[in-house]
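coords please:
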Amino acid sequence: MDQGGGRTWDGRPVSPEPPYGATVVVYRRGVGGVEFLVLHRAHEGVGYEGEWAWTPPSGARYPGEPIEECAARELREETGLTLPLERTGYGDERWYVYMAEAEPGDEVRLGEEHDRCEWVGAEEAIRRCLPEQVSAPLRSVARDLEVDGC
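This next block holds a predicted model:
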């Protein structure tokens, strides 16, 4: 996650002051239980499966942008979803973590930064989202939602 003052993948400036950005853990409840939305980054190609390949929606805050607007913008840009956001107690003063519940019929429309997405169970989402700093928000929200195995 960017530490501020740099640029986003598409060249936009990142806030030089914290918080530098936000992660939005999106989940939905279905017949099979709780599923989490993970996005595959297009930068390394569709077949890449290493660190930073899969992430929840997240991104950098622009200079002067309120953090809540950053989280909503990143969610909208990366998934096409507009959902109510709930700030969690996870993350830190540098990077905020939000959660948002989607409905089973909500359609995800990917932005250009990602080439695919999947709804998966908590264990699979945590396994895919590497390094640990990327999976930590998923693990924490899964515990809050009392998902088995977390």
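
hang on, E103 packs against R28?
Yes. Here E103 reaches R28: they are 6.6 Å apart, a contact under C-beta atoms under 8 Å. C-betas here are computed from N, CA, C, even on glycine.

Give me the more crowded residue out of the two.
More crowded of E103 and R28, by other C-beta atoms under 10 Å: R28, with 17 against 10.

Can you name the next helix or strand after the helix or strand where that one lies?
Using DSSP states H and E, R28 sits within strand 21-30. Next helix or strand after strand 21-30 toward the C-terminus (DSSP H and E): strand 33-41.

If you count contacts, what does the next helix or strand after that next one end up packed against?
Using DSSP H and E, the helix or strand that follows strand 33-41 towards the C-terminus is strand 54-55. Packed against strand 54-55 by the contact rule (3 or more C-beta pairs under 8 Å, 6 or more residues apart in numbering; DSSP states H and E) you find strand 33-41.

Convert the C-alpha atoms of the strand it packs on to PDB, please.
Coordinates of each C-alpha in strand 33-41 appear next as PDB, following Å, rounded to 0.1, in the frame of the first residue of the first chain:
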ATOM      1  CA  GLY A  33     -22.800 -18.600   3.500                       C
ATOM      2  CA  VAL A  34     -20.800 -15.400   3.400                       C
ATOM      3  CA  GLU A  35     -18.700 -14.700   0.200                       C
ATOM      4  CA  PHE A  36     -16.100 -12.000  -0.300                       C
ATOM      5  CA  LEU A  37     -15.300 -10.100  -3.500                       C
ATOM      6  CA  VAL A  38     -11.700 -10.300  -4.600                       C
ATOM      7  CA  LEU A  39     -10.300  -8.500  -7.700                       C
ATOM      8  CA  HIS A  40      -7.400  -9.700  -9.900                       C
ATOM      9  CA  ARG A  41      -5.000  -6.900 -10.900                       C
END
